[in-house]
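Enquirer: I would like to see how this sequence folds:
(chains A and B)
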Number of protein chains: 2
Amino acid sequence: MGADLAARLREAIRDVPDFPKPGVLFRDITTLLLRPDLVREAIHALWEPFAAERVTHIAGLEARGFILGTALAVDRHLPLVLMRKPGKLPGARFGEEYRLEYGSAGLEVHRDALGPGDRVLIVDDVLATGGTAAAAGRLAAQCGADVVGYAFLAEIEILEGRRQLGSVPAVSLLLYGAEPISGS
Amino acid sequence: MGADLAARLREAIRDVPDFPKPGVLFRDITTLLLRPDLVREAIHALWEPFAAERVTHIAGLEARGFILGTALAVDRHLPLVLMRKPGKLPGARFGEEYRLEYGSAGLEVHRDALGPGDRVLIVDDVLATGGTAAAAGRLAAQCGADVVGYAFLAEIEILEGRRQLGSVPAVSLLLYGAEPISGS
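Expert: Have a look, this model is predicted:
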């Protein structure tokens, strides 16, 4: 990935101030999704660092991670694993809780979606505090799978979410500064 | 599409009884998403009836419609429009309400996501009562766009959701019988 792609992604993602509450600057990827050339370029840039890693599965995190996750899975012709908010998956499942700024949240995966020998790339739109991504990694581990890496469109560097991911490689195409971010 | 594809999709989609509540048979597409060959075949079958319709945009309905919508958008290299539950989209938006069995629900789209001259294919996983799909059609119309058609993986025929869609062509790859269905 070049700095050029980062600049074009930054331009394609709309900044909406004071959403969902005053003081929060929301990064709106819907404007990026209207540009298929740029989406394709982003998908290829997210994949490239993991191209030699024998990835067997893509995991997408609800809800916006479903979009990038599906795009990668379709482009690479790989199985897609959904990691969903509690109460959405009907089968036998593993669950993980994680802390938010206020309160907590959960993430679940079907127990039979991944297993030993599977090598999963976890995909979401934004790496913020890293709570969701780390929970996704623990879910994959509960299934017995190996987490090959994390792929994010953007990363809020100041929140140091990367620290939650241990030594697992994490790629992000675009770095944001100190502004708070929110969304799901 | 052949009956053969329908049979293979039916086999790939897991039926989970009594979810999310007793008496409801849940159609779980997560098992299908683990099979990239079949997903690709389904995507191509959903597209084929609209191949000559000069579709300019794919609209995906939250949350599972994001998956099929993204898959179609990536495969056809088209812009993806998100139609989301209320409170998720940060920009200026249109909204539509629709009735559920108990209560009501809403769907929103950014006002600048579609416009006059755009020809949109609306995508969701299941056509049930048709409330969500019809609301999506009204949202596209509010933006000034033309709805070329609807594409669903599956359809619960007994619920007659197709009636809500007027004369707009609707394609589904798989027909289910009288069992109640739920999910989002």
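Enquirer: so which residue of chain A lies furthest out from the middle?
Expert: Here the centre of chain A is the reference, and by Cα atoms, centre = their mean the most remote residue is A:Pro22, at 25.0 Å.
Enquirer: now that residue: which helix or strand?
Expert: Counting by DSSP states H and E, no helix or strand carries A:Pro22.
Enquirer: leaving out chain neighbours, which residue sits closest to A:Leu153?
Expert: A:Asp125 (4.9 Å; Cβ to Cβ, 6 or more residues apart in numbering or on different chains). C-beta: built from backbone N, CA, C; applies to glycine.
Enquirer: sec struct for that neighbour, please.
Expert: Following DSSP: H, G, I helix; E, B strand; the rest coil, A:Asp125 is assigned to strand.
Enquirer: quick one: buried residues of stretch A:117-133?
Expert: Neighbour counts over stretch A:117-133 (16 or more other Cβ atoms under 10 Å in any protein chain shown) mark A:118-133 as buried.
Enquirer: which of the residues you listed sits closest to chain B?
Expert: Closest approach between the buried residues of stretch A:117-133 and chain B, by Cβ to the nearest Cβ: A:Asp118, at 10.4 Å.
Enquirer: ok, the residue nearest to that closest one when sequence neighbours are not counted - contacts?
Expert: Nearest residue to A:Asp118, sequence neighbours excluded (Cβ to Cβ, 6+ apart): A:Ala145, at 4.0 Å. Shown in contact with A:Ala145 (Cβ atoms under 8 Å, 6 or more residues apart in numbering or on different chains): A:His57, A:Leu114, A:Gly115, A:Pro116, A:Gly117, A:Asp118, A:Arg119, A:Val120.
Enquirer: so which of the residues you listed are in strands?
Expert: Those of the contacts of A:Ala145 mapping onto strands are A:His57, A:Arg119, A:Val120, per DSSP state E.
Enquirer: test of understanding: give the bridge partners of the last one.
Expert: Under the criterion DSSP bridges, A:Val120 forms beta bridges with A:His57, A:Val147.
Enquirer: list the contacts for it?
Expert: Going by Cβ under 8 Å, 6+ apart, A:Val120 touches A:Val55, A:Thr56, A:His57, A:Ile58, A:Ala59, A:Val81, A:Leu114, A:Ala140, A:Ala145, A:Asp146, A:Val147, A:Val148.
Enquirer: let's see it at 6 Å
Expert: By Cβ atoms under 6 Å, 6 or more residues apart in numbering or on different chains, the contact set of A:Val120 is A:His57, A:Ala59, A:Ala140, A:Ala145, A:Val147.
Enquirer: what's the local residue count around the last one?
Expert: If I follow you right, that is A:Val147. By other Cβ atoms under 10 Å in any protein chain shown, 23 other residues sit near A:Val147.
Enquirer: would you mind measuring from it to A:Ala42?
Expert: 21 Å (Cβ to Cβ, to the nearest Å).
Enquirer: next one: the second one
Expert: Between A:Ala59 and A:Ala42 the distance is 18 Å, computed by Cβ to Cβ.
Enquirer: looking at the two, which one has more neighbours?
Expert: A:Ala59 (30 against 26).
Enquirer: in chain A, which spans are helices?
Expert: Counting by DSSP state H, chain A has helices at residues A:3-12, A:30-33, A:36-47, A:64-76, A:131-142.
Enquirer: B:Arg64: which of those helices is closest?
Expert: Among these, the nearest to B:Arg64 by Cβ to Cβ is helix A:64-76 (8.0 Å).
Enquirer: ok, for A:Arg163, nearest residue in space, not its chain neighbours?
Expert: Excluding the flanking residues, the one nearest A:Arg163 by Cβ to Cβ, 6+ apart is A:Gly130, at 6.8 Å.
Enquirer: okay, the residue nearest the centre of chain A: pLDDT?
Expert: The centre of chain A sits closest to A:Asp124, judged by Cα atoms, centre = their mean, with a distance of 1.4 Å. Predicted confidence (pLDDT) for A:Asp124: 97.
Enquirer: tell me if I'm right that it and A:Leu61 touch.
Expert: Yes - look at A:Asp124 against A:Leu61 with Cβ atoms under 6 Å: they come within range, at 4.5 Å.
Enquirer: show me which residues of chain A are close to chain B?
Expert: Contact residues (Cβ under 6 Å from any Cβ of the partner chain) of chain A with chain B: A:16, A:19, A:26, A:28, A:30, A:33-34, A:36, A:63, A:66-67, A:70-71, A:74, A:77-80, A:82, A:90, A:110.
Enquirer: which of the residues you listed are buried? Put it as a ChimeraX command.
Expert: Provided next is the ChimeraX selection string for whichever of the residues of chain A next to chain B are buried by 16+ other Cβ under 10 Å:
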select /A:16,19,26,28,30,33,34,36,63,66,67,70,71,74,78,79,80,82,90,110
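Enquirer: hmm, back to that, got CSV for the contacts of A:Val120, with pLDDT too?
Expert: CSV is the format used below for the contacts of A:Val120 (pLDDT from 0 to 100):
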residue, pLDDT
A:His57, 98
A:Ala59, 98
A:Ala140, 98
A:Ala145, 98
A:Val147, 98
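Enquirer: looking at those, which is nearest chain B?
Expert: A:His57 (7.9 Å).
Enquirer: tally of neighbours for that closest one?
Expert: 22.
Enquirer: can you say which of the helices of chain A is packed in most?
Expert: Of all these, helix A:64-76 has the most neighbours on average by mean count of other Cβ atoms under 10 Å in any protein chain shown, namely a mean of 25.
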